[in-house]
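Asks: Test case, fold it:
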Amino acid sequence: MTDSLIAPLGRARFIVTLPPEPSLVGAELQRLAGASFTTLTATNDAFQHLAQKAESRIVIMTPYIDAAGAIWATEIFNASRASKRILILKDSSELNKFGVYGETLRQAATKIFDYTIEHANNDSRYNETFHAKVVLADGVAAYVGSANFLYRSKEVNLECGFLLEGDAVAPIAVLVEAVLSIFTNAEK
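Replies: Predicted structure coming up:
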C-alpha cells in the first residue's frame, strides 16, 4: 500500500440501523452502552449527511435494490445539489420491476452503471461483480457498510457501517474511481 492511501487524519463515526422495537439487540445496546448509546448515527441520517455534503458528485454503490431502496436512493439524490448523481448496481434491469419508483430513480440519477462483467478463463466462466456498499460524496466523505438499498436494510435488519471524513476517504475514492473506469453505461 502506498503512503498516500494511509489515513492518519481520518475521522470515522459508527453508523447503525437497529431492528424495530422491541429489539433484543437494541435493549442490550441500551443496557451495555447506557448514555453513549444515543451517540449512534442512523444509516439514513448518514446518507442524508452525504447528500448534503456532495457538491459535485454523489455515488451510490449497492449490489441489491428493491422498490423501497429505489425510493431511498431517489431521496438521497434529490437531497443533493451535486450535478453528477451516479448509481452503481449489480444489475440495473432490476429497476424495471419497481414501476414508477424505478423510473423516478432513473430520472434522479445522471448515470447508472452495471457492475457485472462476464469472464471466460480457460474452461471456467465467472462474473466479476461486487458486494460492497458505498455512498461517496465528492471525495470528502463516504459511507462503507453492510446496508443495501432494500426495505429490510432501512427498516428491519441490523446494519452497521462507518461514515468517514478526512484522509480516510482517499482509498475509498480511489476504489470508486477504479470501478467507474471499467463500466459501460447501462440503458437509462
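Asks: Can you list the residue ranges for strands in this structure?
Replies: When assigned using DSSP state E, the strands of the chain occupy the ranges 11-17, 41-42, 57-61, 84-89, 111-114, 117-121, 124-128, 133-137, 141-145, 159-165.
Asks: mind checking how far the residue nearest to residue 47 when sequence neighbours are not counted is from residue 90?
Replies: With sequence-adjacent residues excluded and distances taken as CB to CB, 6 or more residues apart in numbering, residue 47 is closest to residue 76, at 5.2 Å. Quick note: C-beta positions are derived from backbone N, CA and C, even for glycine. As for residue 76, its distance to residue 90 is 18 Å (criterion: CB to CB, to the nearest Å).
Asks: same question, residue 136
Replies: For residue 136 relative to residue 90 (CB to CB), the value is 17 Å.
Asks: burial count for residue 47?
Replies: Residue neighbour count, defined by other CB atoms under 10 Å, stands at 25 for residue 47.
Asks: coming back round to it: hang on, the residue nearest to residue 47 packs against residue 62?
Replies: No: with contact defined as CB atoms under 8 Å, residue 76 does not count as touching residue 62 (11.0 Å).
Asks: picking up where we left off before, out of residue 76 and residue 90, which sits in the busier spot?
Replies: residue 76 (23 against 18).
Asks: any chance of the strands of the chain in JSON lines, plus mean neighbour count?
Replies: Formatted as JSON lines, the entries for those read as follows, by neighbours: other CB atoms under 10 Å:
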{"stretch": "strand 11-17", "mean neighbour count": "18"}
{"stretch": "strand 41-42", "mean neighbour count": "15"}
{"stretch": "strand 57-61", "mean neighbour count": "25"}
{"stretch": "strand 84-89", "mean neighbour count": "22"}
{"stretch": "strand 111-114", "mean neighbour count": "18"}
{"stretch": "strand 117-121", "mean neighbour count": "9"}
{"stretch": "strand 124-128", "mean neighbour count": "9"}
{"stretch": "strand 133-137", "mean neighbour count": "24"}
{"stretch": "strand 141-145", "mean neighbour count": "24"}
{"stretch": "strand 159-165", "mean neighbour count": "20"}
